[in-house]
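K.L.:
Have a look; sequence and predicted model below, questions after that.
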Amino acid sequence: PILFARARAAVRDNPHARSIVRSFRRNVVGRGMNWEPAARFKTSDAEIRGFNARIAELFTPWASNKLFCDAEGAKRLVGFEAQAVAELVTVGSYLVILETADNGPDQVPLRLRAVEAEQLDTVATRNPANGNAIKGGIEVDADNRPAAYWIYASTPSSSVSANSSVWSAPKSNRVAADRVLHLYQQDRPGQTTGVSSLASVLRKLRDSGEYDALEIWAARMQACMGLGIERPGGNEASEKLGLLQETGDTETDANDNPEVNWEPGLTFVGGPGEKLVFHTPNRPGGQYEPFFRAQLKAIAAGADLSY
């Protein structure tokens, strides 16, 4: 859960993490994947073509209507595709529950319900009914194959009790594995869920973001300085500098710091040993871009993204 939260925070707050997710989504899904029925069975070619044509005839209106394919009624099938890629990069896992629904005559009686990885019950360890182990909310059999998924109705952090003064732990529901599509990449034997593609670069994303912010602050601080008046040590100004103060004006600010009025084209006439020293800002400097570019290359490499 901590890794999920940090990865989501990075995608929300860091422009480079957000760009990584959107790059994958843009290049993998784009405007949507092309689906083509390709059923094969021992029968005549005419029957196969007719069967596949009928599948396509039913699939297209179902996939293009968010009220048909999405249990939430919020997205079409292409929305599921884009969301799946984004979730795989961000948290390493994406789940979809298959639900039967009455979509009307001659319509596919199926709706999809997207589930966040945080909705898996990571507290449960064993199903008392059959003795199966539960790993990270996924119930597995003796061969480590998913038998069921223990899923909260919403993420635990978003659960609100009817009585705000009393908090009760949310309860998860068991959903049979044949009703769940679980997308993730198995990197190790026995692994039952995925790992965020940003896991290896989260620290570098944070550090590079802080470095960039500090460089901006340094540049802002330097930009606040215009010029200085250099005098021999211990000498007071021989005359007042700048333009004459208007009637009623003081020569200091509220903190008793001296103030000088300047206008374009003003000629400086100083006393013995006095001279103006103009400040030349040097931040972020010539090393900022190559250094930051090197950090972005390392981040891109860690996220399996070409720079």
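P.N.:
Cool, got the structure.
K.L.:
Hmm, Ile134 and Asp121 touching each other?
P.N.:
Yes - assessed by C-beta atoms under 8 Å, Asp121 is found in contact with Ile134 at 7.5 Å. The C-beta positions use only the backbone N, C-alpha and C, and glycine is treated the same way.
K.L.:
Distance of Glu81 relative to Gly270?
P.N.:
In this view, Glu81 and Gly270 are 71 Å apart by C-beta to C-beta, to the nearest Å.
K.L.:
Same drill for these two, tell me which one is more crowded.
P.N.:
Ranked by neighbour count (other C-beta atoms under 10 Å), Glu81 and Gly270 place Glu81 first, with 19 against 15.
K.L.:
sec struct for that one, please.
P.N.:
Classification of Glu81 using DSSP: H, G, I helix; E, B strand; the rest coil returns helix.
K.L.:
In contact with it, which residues?
P.N.:
Val29, Gly32, Met33 (C-beta atoms under 8 Å, 6 or more residues apart in numbering).
K.L.:
Distance to Asn257 added to those, as JSON lines?
P.N.:
Putting the contacts of Glu81 into JSON lines (distance: C-beta to C-beta, whole Å) gives the following:
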{"residue": "Val29", "distance to Asn257": "59"}
{"residue": "Gly32", "distance to Asn257": "63"}
{"residue": "Met33", "distance to Asn257": "65"}
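K.L.:
hmm, which of the residues you listed are the buried ones?
P.N.:
Buried subset of the contacts of Glu81 (neighbour count, 16 or more other C-beta atoms under 10 Å): Val29.
K.L.:
Including distance to Asn103, secondary structure and pLDDT, could the contacts of Glu81 go into TSV?
P.N.:
Shown next, in TSV, are the contacts of Glu81 (distance: C-beta to C-beta, whole Å; DSSP: H, G, I helix; E, B strand; the rest coil; pLDDT from 0 to 100):
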residue	distance to Asn103	secondary structure	pLDDT
Val29	24	coil	96
Gly32	20	coil	90
Met33	22	coil	90
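K.L.:
Of the contacts of Glu81, which is the nearest to Gly286?
P.N.:
Using C-beta to C-beta, Val29 comes nearest to Gly286 of these, at 39.8 Å.
K.L.:
Surely that closest one touches Ala82?
P.N.:
Yes - contact between Val29 and Ala82 holds when scored by C-beta under 8 Å: they sit 4.8 Å apart.
K.L.:
How about residues contacting the longest helix anywhere in the chain?
P.N.:
Secondary structure of the chain per DSSP state H: the longest helix is helix 202-223. Helix 202-223 is contacted from outside by 3, 6-7, 10, 13-14, 16-17, 196, 198, 279, 281-284, 288, 292, 295-296, 298-299, 302, using C-beta under 8 Å, 6+ apart.
K.L.:
cool, and stretch 290-307?
P.N.:
With C-beta under 8 Å, 6+ apart, stretch 290-307 has contacts from 16, 20, 23-24, 89, 197-198, 200-201, 204-205, 207-208, 211-212.
K.L.:
What pLDDT does the model give the residue sitting furthest away from the middle of the chain?
P.N.:
Within the chain, Pro272 marks the point farthest from the mean C-alpha position, 61.1 Å out by C-alpha atoms, centre = their mean. Listed pLDDT for Pro272 reads 77.
K.L.:
Do a quick rundown of the strands in the stretch 1-150 of the chain.
P.N.:
All strands of the stretch 1-150 of the chain, identified by DSSP state E, counting those that start in this stretch, fall at 94-100, 110-115, 133-135, 138-140, 146-151.
K.L.:
ok, the contacts of Glu81 vs Arg188, which is closest?
P.N.:
Distances from Arg188 to those, taken by C-beta to C-beta, are shortest for Val29, at 27.2 Å.
K.L.:
what sits in contact with each of Asp121 and Ile134?
P.N.:
Shared contacts of Asp121 and Ile134, counting by C-beta under 8 Å, 6+ apart, come down to Trp150.
K.L.:
Spit out the contact partners of the closest residue to Val11 other than its chain neighbours.
P.N.:
Closest residue to Val11 apart from its sequence neighbours, by C-beta to C-beta, 6 or more residues apart in numbering: Ala17 at 4.9 Å. When contacts are counted by C-beta under 8 Å, 6+ apart, Ala17 is found next to Ala7, Ala10, Val11, Leu198, Leu205.
K.L.:
Now, the contacts of helix 202-223 that are in helices?
P.N.:
Using DSSP H, the contacts of helix 202-223 in helices are 3, 6-7, 10, 13, 16-17, 288, 292, 295-296, 298-299, 302.
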